[in-house]
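Engineer: Quick one: sequence and predicted model below, then my questions.
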Amino acid sequence: MTGSVAGIGAGLVAIGAGLGIGLVGSSSVGAIARQPEMAAKITTTMLIVAALVEGTALFCAVICYLGLGK
């Protein structure tokens with residue numbers, strides 16, 4: 001039972017990371033469309049936030065995969 005719950009958790013992590021990075025990307029594109037002169041700063045901030053989302057997702061996925069081994 002633990003393995004199947006961990007597998008579901010890993011799937012939810014992937015969905016959450018995809019949604020999070022999608023929201024970050026769409027918000028940054030909208031911000032660049034409103035203020036094109038700030039594109040460099042917005043892009044830098046977007047990449048930092050996307051990396052934090054991805055890092056959190058990777059950490060959660062590792063925890064789920066550790067649950068698969070039991």
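Structural biologist: Received, thanks. Numbering: from 1, shown residues only.
Engineer: How far off centre is the helix or strand hosting residue 44?
Structural biologist: Using DSSP states H and E, residue 44 falls within helix 39-68. Its chain's C-alpha centre and that of helix 39-68 lie 5 Å apart, by Cα atoms, centre = their mean, to the nearest Å.
Engineer: who does that helix touch, helix- and strand-wise?
Structural biologist: With contacts taken as 3 or more Cβ pairs under 8 Å, 6 or more residues apart in numbering; DSSP states H and E, helix 39-68 sits against helix 2-34. Just so you know, the C-beta spots here come from the backbone N, C-alpha and C atoms, and that holds for glycine as well.
Engineer: Sketch out the low-pLDDT regions of the chain for me.
Structural biologist: Along the chain, the parts satisfying pLDDT under 70 run over 1-3, 69-70.
Engineer: For stretch 63-70, buried residues please.
Structural biologist: 64, 67 (16 or more other Cβ atoms under 10 Å).
Engineer: okay, that stretch in CSV with CA atoms only?
Structural biologist: Only the C-alpha atoms of stretch 63-70 are listed here, as CSV (Å, rounded to 0.1, in the frame of the first residue of the first chain):
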residue,chain,number,x,y,z
ILE,A,63,10.7,11.8,-0.7
CYS,A,64,7.9,10.0,-2.7
TYR,A,65,10.5,7.7,-4.3
LEU,A,66,12.0,6.9,-0.9
GLY,A,67,8.5,5.7,0.1
LEU,A,68,8.5,3.3,-2.9
GLY,A,69,11.4,1.4,-1.6
LYS,A,70,9.7,0.3,1.6
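Engineer: Residue 57 and residue 7: what is the separation?
Structural biologist: Distance of residue 57 to residue 7, computed by Cβ to Cβ, to the nearest Å: 16 Å.
Engineer: Residue 54 too?
Structural biologist: In terms of Cβ to Cβ, residue 54 sits 20 Å off from residue 7.
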